[in-house]
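Engineer: Build me a structure from this.
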Amino acid sequence: MSFREIAVTIRAVNRASTEFARIQTDAEALATRVRSLGAVIAGLGAAGSAVGHLAHQFGLLNDEQARVFTSASHVVTILGMFMRTSWGVAVAQKVYATACWVATAAQNALNISYGTFLALTGVGIAVIVAAAGAMWYFASQMNAATASMESFNEAANQTPSLSRSITRAGEQEFYRRGVE
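Structural biologist: Numbering: from 1, shown residues only. Now for the predicted structure:
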């Protein structure tokens, strides 16, 4: 292995190490936020449980309502405590990764949709331009034909009527009988 190959390998490892360190920092920050959120949720669940017991003591909730309310509060507390464990953080990171994947897929779909819109708009504009070009060509050909007809009519008007009335022998009989 040459010195150049070793230098390239070291640069690649250094760059990869920087990216891996950034990913590690992001993952640790997410884990800290998830644990903090878990602590807040566990605290809310515990507070809800205390409020349920107090409401039952003061007669605001009957036995059945207090049992349902405190059970829901216990579930919230357990969820918060689970989020503080490494398994809870791993589940939260998986959910976050899945949400990012869905958002990326949606963004890609929107980008494809926008690209398709632009392409179809471009094709539509091209069709309109082509139709306008074809109409211009047809109109110019019609103008040329009209000019030619006008030129012929002018020439025919300038020709004396005697030269226009020359007929071949026997032609009059065809005009009388009609052409058979």
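
Engineer: Let me know how buried Gly80 is, in neighbour terms.
Structural biologist: 21 (other C-beta atoms under 10 Å). Yep, even glycine has a C-beta here, placed from its N, CA and C like the rest.

Engineer: Name the helix or strand for it, please.
Structural biologist: Assessed by DSSP states H and E, Gly80 sits inside helix 63-83.

Engineer: ok now that helix, how far from the chain's centre?
Structural biologist: Distance of helix 63-83 from the chain centroid (C-alpha atoms, centre = their mean, to the nearest Å) equals 42 Å.

Engineer: model confidence over the helix or strand harbouring Thr98, on average?
Structural biologist: Thr98 belongs to helix 86-158 when assigned by DSSP H and E. Per-residue pLDDT over helix 86-158 has a mean of 85.

Engineer: So which elements touch that helix?
Structural biologist: helix 3-57, helix 63-83 (3 or more C-beta pairs under 8 Å, 6 or more residues apart in numbering; DSSP states H and E).

Engineer: The first one to helix 86-158, inter-axis angle?
Structural biologist: If you take axes from the mean of the first three to the mean of the last three C-alpha atoms, to 10 degrees, helix 3-57 sits at 110 degrees to helix 86-158.
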